[in-house]
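*Asks:* quick one: sequence and predicted model below, then my questions.
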There are 2 protein chains.
Amino acid sequence: MQDFINIGKRIPKMDAEDKVTGKAVYIQDLKVPGMLWGKILYSPHPHARILNMDTSAAERLPGVKAVLTGYNTPLIKFGFYKDNMPLKANKVCSYRDEVAAVAATDPDIAEEALGLIRVEYEILPAIFDPEDAMKEGALLIHEEHLGGKEKKPTNILNLPWRLVAGDVDEARKNSAHVAEDRFKLTWVNHCCMGTSGCVARFDLRNNLTIYSNTQIPALAQRDYTEALAAMGLEGKKARVIKTTIGGAFGSKLDTYAYEYIAILLAYKTRKPVKIIFTREEEFFATSPRQPAVIDIAQGCTKDGTFTFRDVRMVLDNGAYTSWGATTPSVMMMPISSLYKVPNVRYVAKCVYTNNTYSQAFRGYGNPQATFAIESQIDALAEMAGIDPLDFRMRNANTPGEVTPQHFNITTCGLRECIDVVAQKLDWRQNRGKRDGRGIGMASMIHVGGGARVYKSDGCGTIIKIDDFGTVNVITGATDMGQGADTVIAQIVAEELGVRVEDVIVTHTDTDICPWDVGAHASRTTFVAGNSARGASKKVKEQLLEVASRSLGENPENLDIRDRTIFSKLDPEKKSPLGKILRASHYTAGGRMVMAEHFYDPPNENLDREFKGNLSVTYAYGTHGVEVEVDKETGQVKILKYVAAHDVGRAINPMLLEGQVYGGAAMGIGYALTEQLILKNGKVINPDFRDYKILTAADVPNIEAVVIETDDPSGPFGAKGIGEPGLVPTAPAIANAIYDAVGVRIKELPITPEKVLAALKEKTK
Amino acid sequence: MQDFINIGKRIPKMDAEDKVTGKAVYIQDLKVPGMLWGKILYSPHPHARILNMDTSAAERLPGVKAVLTGYNTPLIKFGFYKDNMPLKANKVCSYRDEVAAVAATDPDIAEEALGLIRVEYEILPAIFDPEDAMKEGALLIHEEHLGGKEKKPTNILNLPWRLVAGDVDEARKNSAHVAEDRFKLTWVNHCCMGTSGCVARFDLRNNLTIYSNTQIPALAQRDYTEALAAMGLEGKKARVIKTTIGGAFGSKLDTYAYEYIAILLAYKTRKPVKIIFTREEEFFATSPRQPAVIDIAQGCTKDGTFTFRDVRMVLDNGAYTSWGATTPSVMMMPISSLYKVPNVRYVAKCVYTNNTYSQAFRGYGNPQATFAIESQIDALAEMAGIDPLDFRMRNANTPGEVTPQHFNITTCGLRECIDVVAQKLDWRQNRGKRDGRGIGMASMIHVGGGARVYKSDGCGTIIKIDDFGTVNVITGATDMGQGADTVIAQIVAEELGVRVEDVIVTHTDTDICPWDVGAHASRTTFVAGNSARGASKKVKEQLLEVASRSLGENPENLDIRDRTIFSKLDPEKKSPLGKILRASHYTAGGRMVMAEHFYDPPNENLDREFKGNLSVTYAYGTHGVEVEVDKETGQVKILKYVAAHDVGRAINPMLLEGQVYGGAAMGIGYALTEQLILKNGKVINPDFRDYKILTAADVPNIEAVVIETDDPSGPFGAKGIGEPGLVPTAPAIANAIYDAVGVRIKELPITPEKVLAALKEKTK
């Protein structure tokens, strides 16, 4: 065990005081001189043709500076599939379709102006079930969309997700036991405390600055730059400045209509324009987790060794295509690589409907897939007459393994995680009583060393040190509340032998910060951490080189600790860092200590067969839960919750536990209470009264157990931990409910109504 | 002549549109949430003991959040000599002494509160003439100040300026002609359109952020950090963010009481505090150009070759000591090195008085010294019976020369400058008529390649390029209106083969920008330009290396022009820069193109004898003027003005001419109209009605002639030009007046009253 000074320390987030005292500037707080307020008019129909629009009354309202529609704005195509546009012309395809936008001197005036816009629609029939939408002859959402080999009009997207390893059909024949189930997952909302918003402004040379709470500044910059070109502003620059982000969880991993609308309004009015979502908009006009219908079969030998896993999914894409449509690329991960499964098949279809369209959400499809896999494992183990704990242990992944998807499992603490959860739940003692109390567990795999979903998975860092030893770190990474800045500061401080308070991290501005693919895939600690460490090493090399001259010692014999450079051979030879810095600087031919580093992890893009080593390392974990189920009410109460995670190394145990707690709390909501309810495409519970997230009082005590495997590729051994806490929660709870009362709920959320209905069904 | 694309082009300032349309954010425009307004109470006496202070009424005024005095604040010592403090206790030594400060919710309330503060003074005798203050037994401004070898109480500062080269006394004996004169220079104000101001705020960890229009962000950061330590906040960080600067000219080359007061008020109130000077304060509470009494003797041989120059000065230091007290270090430059003078002696004394204290001002003492030297050259030439044009040409500096102060003159266009001015004025034809019209000329030397007055003369630059070829340049340099950002962008664009509009320069924030000693000594184009060019070269090397792989050509055969990388051998081998950047980035082990560079020019600190090669190169110039003098009124009218400067290379002729025009206009004011009038230490004309700067209507047509000597050490051959335009103006005008009407005015400004009095004296 290395003797760390700054690593492994429970250091509060650097911006904690600013946040709790209201000093942090969220996009809600931002005011820019001369700013106008933008508001958006949405479609009142899930599918309709626009026959006529009259914006004249809105335009005449005093205070209104611009009214834009799809008919008076340049066409900007955006989204993963380029099937979306900021303001819809001709047709609307969902209730969240934007048909007009207003900029006014005041948000109330803008709102009033929306009410003055007259739109005449021809209502079209609509389709809300993706399985219906797949059928031959189904009405078409996008008539111009052609799919399949025949290039025929269809609602099925041209995203043929298909992963095959081994021979599933043959393995099935040879299996002693086979379980088959259908699981259904629905929409849930990210419920960020800070709603979506931006302020767009143009300078007099028509370069754009946009203040935003995006998770992907560099990719957003690219999107906006493309939009400028579409607006006839080819070659103009887009600058993205992040405000403090009040939660993101994947919701801000793409660019959206409201941002382009703000840009268009700012360009039209020549004024800064701010658009902030109301909570209602945040519910119905942002993109939730993607619903899935999952048909899964898994088989094993008599002794409980996995023989195959076969999964088919239909995903409700909604009316447009965001990055969310690519969640199958991540769903493949647990399907192919959670436990050792020799034969694997996965086929998924994304289908247009007139529902809202989905987006990335913490775990990026993994929670959906893992719910199916891990729920069914308990059923399969029961068929085989094996304790599910033993079943999991027998099939658990191990270091050195190469999975069917070609993932190289380097470090792997899965067995340790299963083991500790079993111990904490007193598994042998407590399981199988079916007395209204039950225990269950579920495991997970996730990318822990970046994820090469884009052509670059890199992050750049620039470091400079001033004459007094203050270390300025300019990182591409995005701190969206997870504490990335603090973790980066700890890594830099450890490498440079300074204190965390000596390190100032800047991550806010694309004009300043090097490129980074964005805050997703639990990659920031690993990728930005390695980038920061790489830059630190270059800086340290410069420092030791300078110090070697003044201390008369070879650089390789020097090190830095607590702001002092010293000789490892002769402890008397030492000098304060600031003195070395000033000596380096205040001399003829002086230099400042600065360095830049770009770290792109040695992971692989998936190939055409969707195989490849997507991440440099993988994070494993197991959650265990004890529940009490009230048979009269169907109410599920969590009595105990244990979350064990292989984190490589806990750079900051407090922040790490915060990620686990937050993930598990979100997962419990996903499992038991949360659902964005769409009725014929319309969100009918767009508020926190009817959409049930866990409040502080609802969250059970969660015990986080940290397993450190010291990953050789991670910064000081760390892996990512942003998403894992949410991945195995729902199946662990479902398994515990089954253990408690013998009913298996296959649709989330597991509401009391569903439990009661299942209990009734069971006793029929 | 090289074939430049971006160098030598008349490109408007990058921030020109923002400034003319009011979009630029000056410190006056800055508002920070929760901000309080600070106001300062000044002494009503030039010298007095504080007997009692009562701030209770002020404290009770609603809206007042803090009232600070020298008695309830920690002692912060600041200034070059550490003889100043933000709020004076015990004693005041000048009318601008700060005795109390208020922070309130509104500037009017703060002002009202000042009126409620009662201070009881014991008035002390005061001294305003530095020659009086030097006398034995003179009253002491700072009783504790000890000076001289005997360490006795004295008003003479311990700054023994003394430069000796050769044997002046011997040379004097052997001179055919010797001229002796006394010249007197008085205070003039910088008259920045943007008055001084700052906003100070503390975060919850007691780190300081200060928004300021400083010229010296890195040095100010150091000063503020020291102040934090004096406040008991040792180890806390100071961050300096520059707003748009509305002129500086040396006035913002130091830190001042108002900044420390804002810091103290912000710390006391836990709120951001803004202090903005009124125009009246800007006149009486900022530091003007240093007054000087100059005794000068120069001698020459019969044929007009310089034999010696002997200068003694007494400088009025005022009550405290700013950087301005070191102007003799620059005055030495023309004294030792303007024209070839084999024997030189310079002795200067700085003396405390109860006047306002002085500061740096464009030229930094050089205009004062040059006025004496160049005025007297005409007199000496007349004594020798030689045309002053011939006298100057005979003694002009030449390339390859090492001056008595050990300056290495590399490139030198002085002869060309004299020559072109003579031509433009039709010298032989027009001179010597004494018919009310006259012509005159004067030359100058100034540092043109940095000035090592501080231990480092360096500047750092960080460059990153995005996937689309946008070049972000993060520079230590300060654009204070001179157009540094634009010049840096041109240099980077030239080096990288992109367009100027592709380059975005950021120079605003010490957390972001590398160190730089500050915007002074006409060093920015040279030093920051070389730094930017150095970083560009590193970036270019990376670009060509990446391109060499995709183009299959050795990097040394590649170059970049207009955003395209091409082979110099085979023009068919080429690729757009953006494509190369993306290829470099979007690949396994991808990289972003970034580099940092710190350039510290190879110049020297002056040694103990004040000798050394202070600058890497030197800028020369000659101004010529034709005047008409109204013998009835004494009014001087400028008919023609020619300013010829050896600029090395004009990176941007338009901005360069702007510097020359601005300098000459300021110089004409210095020569003819401007004077900050102090009556017993009190400024009696603190407004633009009584302080006469030239208005647009007053400025004559100025012809700027650019002599390019392509300095090998400058970026693309450039030297500094920020200050030179002001240096020879006043003596050229004085010489022309002499030529017109035969009177020699030795005190500035040359008012009609002085001309009339001299004409009367002459005709007596």
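*Replies:* Great, that's in hand. Numbers count the residues shown, from 1 in each chain, chains lettered A, B, ... in the order given.

*Asks:* report all helices and strands that the longest helix along chain A contacts.
*Replies:* Identified as the longest helix of chain A according to DSSP state H is helix A:529-551. Judged by 3 or more CB pairs under 8 Å, 6 or more residues apart in numbering or on different chains; DSSP states H and E, helix A:529-551 is in contact with strand A:459-465, strand A:471-475, helix A:484-496, strand A:558-561, strand A:564-567, strand A:574-576, helix A:577-585, strand A:593-599. Yep, even glycine has a C-beta here, placed from its N, CA and C like the rest.

*Asks:* of those, which approaches residue B:226 most closely?
*Replies:* Closest of the helices and strands packed on helix A:529-551 to residue B:226 is helix A:577-585, at 12.9 Å (criterion: CB to CB).

*Asks:* quick one: contacts of the closest one?
*Replies:* Contacts to helix A:577-585, defined as CB atoms under 8 Å, 6 or more residues apart in numbering or on different chains, come from residues A:465-469, A:497-498, A:543, A:546-547, A:550, A:560, A:563-565, A:590-593, B:455-456, B:458, B:515.

*Asks:* quick one, which of these are buried?
*Replies:* Among these, those scoring as buried are A:465-469, A:497-498, A:543, A:546-547, A:560, A:563-565, A:590-593, B:456, B:458, B:515 (criterion: 16 or more other CB atoms under 10 Å in any protein chain shown).

*Asks:* pretty sure residue A:484 sits against residue A:527.
*Replies:* No: the criterion here is CB atoms under 8 Å, and residue A:484 misses it with residue A:527 at 10.5 Å.

*Asks:* what's the overlap in contacts for the two?
*Replies:* Residues touching both residue A:484 and residue A:527 (CB under 8 Å, 6+ apart) are residue A:477.

*Asks:* okay, those two: which has more neighbours?
*Replies:* For the pair residue A:484 and residue A:527, the greater number of neighbours falls to residue A:527 (29 against 25), based on other CB atoms under 10 Å in any protein chain shown.

*Asks:* residues contacting that one?
*Replies:* A:449-450, A:457-459, A:477, A:516, A:599, A:601.

*Asks:* between these, which sits nearest chain B?
*Replies:* Chain B lies nearest to residue A:458 out of the contacts of residue A:527, by CB to the nearest CB, at 5.6 Å.

*Asks:* the closest residue to the closest one other than its chain neighbours - how many residues pack around it?
*Replies:* Once flanking residues are discounted, residue A:458 sits nearest to residue A:600: 3.5 Å by CB to CB, 6 or more residues apart in numbering or on different chains. Neighbours of residue A:600 under the rule other CB under 10 Å: 25.

*Asks:* what sits against residue A:600?
*Replies:* Here residue A:600 is in contact with A:456-458, B:588-591 (CB under 8 Å, 6+ apart).

*Asks:* give me that answer again for 10 Å
*Replies:* If you count contacts by CB atoms under 10 Å, 6 or more residues apart in numbering or on different chains, residue A:600 has them with A:450, A:452, A:455-460, A:517, A:527, A:530-531, B:585-592.

*Asks:* low-confidence ranges, the stretch 1-150 of chain A, go.
*Replies:* A:1-2 (pLDDT under 70).

*Asks:* what's the helix or strand for the one residue in it that gets nearest to chain B?
*Replies:* Closest approach of the stretch 1-150 of chain A to chain B (CB to the nearest CB) occurs at residue A:17, with a separation of 3.7 Å. According to DSSP states H and E, residue A:17 maps onto helix A:16-20.

*Asks:* packing partners of that helix?
*Replies:* Judged by 3 or more CB pairs under 10 Å, 6 or more residues apart in numbering or on different chains; DSSP states H and E, helix A:16-20 has no packing partners among the helices and strands.

*Asks:* which element follows that helix toward the C-terminus?
*Replies:* Assignment by DSSP H and E places the next element after helix A:16-20 at strand A:36-42.

*Asks:* now do the helices in the stretch 601-750 of chain A.
*Replies:* Counting by DSSP state H, counting those that start in this stretch, the stretch 601-750 of chain A has helices at residues A:653-668, A:729-741.

*Asks:* out of those helices, which is closest to chain B?
*Replies:* Across those, closest to chain B is helix A:653-668 (CB to the nearest CB), at 17.5 Å.

*Asks:* re the thing from before, tell me the one among the contacts of residue A:527 nearest to residue A:743.
*Replies:* The closest of these, once distances to residue A:743 are taken by CB to CB, is residue A:449, at 38.9 Å.

*Asks:* shaky segments in the stretch 551-700 of chain A?
*Replies:* Scanning the stretch 551-700 of chain A for pLDDT under 70 picks out nothing.

*Asks:* in it, which residue sits closest to chain B?
*Replies:* residue A:586 (3.6 Å).

*Asks:* ok, that residue - contacts?
*Replies:* For residue A:586, the contact set (CB under 10 Å, 6+ apart) comprises A:467, B:454-456, B:458, B:600, B:605.

*Asks:* state the distance from it to residue B:475.
*Replies:* Distance, residue A:586 to residue B:475, using CB to CB, to the nearest Å: 20 Å.

*Asks:* wait, a helix at residue A:324?
*Replies:* Yes: the assignment for residue A:324, made by DSSP: H, G, I helix; E, B strand; the rest coil, places it in a helix.

*Asks:* returning to that earlier point: using CSV, write down the CA coordinates of the helix holding residue A:17.
*Replies:* Written as CSV, here are the backbone C-alpha positions of helix A:16-20 (Å, rounded to 0.1, in the frame of the first residue of the first chain):
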residue,chain,number,x,y,z
ALA,A,16,-19.4,22.8,-1.6
GLU,A,17,-19.5,26.1,0.4
ASP,A,18,-20.4,28.1,-2.8
LYS,A,19,-23.3,25.7,-3.4
VAL,A,20,-24.8,25.6,0.1
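
*Asks:* which other residues reach it?
*Replies:* With CB under 10 Å, 6+ apart, helix A:16-20 has contacts from A:13, A:23-26, A:244, A:246, A:481, A:483, A:486, B:203-205.

*Asks:* okay if I get those residues as a markdown table plus neighbour count?
*Replies:* What follows is the contacts of helix A:16-20, written out as a markdown table (neighbours: other CB atoms under 10 Å in any protein chain shown):
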| residue | neighbour count |
| --- | --- |
| A:13 | 21 |
| A:23 | 16 |
| A:24 | 17 |
| A:25 | 14 |
| A:26 | 18 |
| A:244 | 21 |
| A:246 | 19 |
| A:481 | 21 |
| A:483 | 26 |
| A:486 | 23 |
| B:203 | 16 |
| B:204 | 13 |
| B:205 | 12 |
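
*Asks:* in stretch A:143-159, what's buried?
*Replies:* Using 16+ other CB under 10 Å as the test for burial, stretch A:143-159 gives A:145, A:147, A:154-157, A:159.

*Asks:* name the nearest of those residues relative to residue B:236.
*Replies:* Distance ranking of those against residue B:236, using CB to CB, places residue A:159 first at 53.6 Å.
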